[in-house]
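> After the sequence you'll find the predicted model.
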Amino acid sequence: MSVEPSPGQGSPRARFGAKMRHLREAAQLSQAAVASRLGCTQTQVSRLEAATRTPSKSDAEKLDRLFDSEGGAYFATLRQRIIASAGGPIWFRGWAEEIEPHALVLRSWDPLLIPGLLQTESYARHIFIQEPQITPEQIRERTEARMLRRGVLDRENPPLVLVLIDAGVLRRRVGGPEVMRDQLDYLLEAAQRPTVSIQLVDPECLPGMAGPFMIAEQPDNQPDTIHADSPVQGQITTNHEFVISIRKRYEAIRLWAYPERVSLKMIEEVKREWT
């Protein structure tokens, strides 16, 4: 007899597999029968239930239709959490799941790449492809997770997003000319949103050499939260001294920023160079 899994127990991937097994057994269906309905193999169903395979969007949607679980969106919702959790280092998950989606204002500084929140799918994928010893499935998972982050911009009351980007990033090749043109097009499109501001920063700005970071202003008088990036171990903190230090650095960098209208004109000009 199958036991109903506890909704708060285990990782999203483990909960997905446990719920799938519970509903399958409650419906007296074999793994082969479910595989037939999903259009996959019995081995793939077994791996989903064992939490050793990341469910595809199609898997989740078909399972929701098959079992009509919790309003028909249980597996699709849980898959989004799986993808979000797989989208980067474990230390970043708290930011992507708990801080960024609820922020009132997001300020960011990016000296090396287009900020993740404004990356196109192709641009993001080409970044992940370069990661050492990364698998094709990890590339897919991380790319999907990065695209899910963009949903913050589409929520009912989106945050004010104030982006500072080193001007040299526009000419740093990621993928090929088409990838770069599409990425710069998306920056120009995003800048048309009333809640998004993009400013380029003069490459001679030395205060920005310390590395990328984000500052999130939180609702309900919660303290600001800082995310400072690094290749090995990022830091997420509300420590007052650290927050003040990063805020001062942000303002020092902003002094080197071109006005927004000038910045957008520069993006247009560089876009034409990518031919």
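Noted; the coordinates are in hand. Residues are numbered from 1 along each chain as shown.
> what's near enough to touch Glu268?
Leu184, Leu188 (C-beta atoms under 8 Å, 6 or more residues apart in numbering). Yep, even glycine has a C-beta here, placed from its N, CA and C like the rest.
> For it, give its distance to Thr54.
Look at Glu268 and Thr54: by C-beta to C-beta, to the nearest Å, they are 39 Å apart.
> List the buried residues of the helix or strand hosting Glu268.
Following DSSP states H and E, one finds Glu268 within helix 260-273. Counting neighbours by 16 or more other C-beta atoms under 10 Å, one finds that the buried residues in helix 260-273 are Glu260, Ser263, Leu264, Ile267, Val270, Lys271.
> Likewise for stretch 122-131?
Using 16+ other C-beta under 10 Å as the test for burial, stretch 122-131 gives Ser122, Tyr123, Ala124, Arg125, His126, Ile127, Phe128.
> Which member of those is positioned nearest Met147?
Within those, the smallest distance to Met147 is 7.3 Å, found for Ala124 (C-beta to C-beta).
> ok but the closest one is inside a helix, no?
Yes. Using DSSP: H, G, I helix; E, B strand; the rest coil, the assignment for Ala124 is a helix.
> By average pLDDT, which secondary structure element in the chain comes out worst?
In the chain, no helix or strand scores lower on mean pLDDT, DSSP states H and E than helix 93-94, which sits at a mean of 60.
> need the next SSE after that helix, C-terminal direction.
strand 105-110.
> Name the strands paired with that next one and say parallel or antiparallel.
strand 160-166 (parallel), strand 213-217 (antiparallel) (DSSP bridges).
> Report the buried residues of that strand.
Leu106, Arg107, Ser108, Trp109, Asp110.
> List phi and psi for the residue nearest to Ile129 when sequence neighbours are not counted.
Excluding the flanking residues, the one nearest Ile129 by C-beta to C-beta, 6 or more residues apart in numbering is Ile139, at 6.0 Å. With angles defined as degrees, to the nearest 10, Ile139 sits at phi -60, psi -50.
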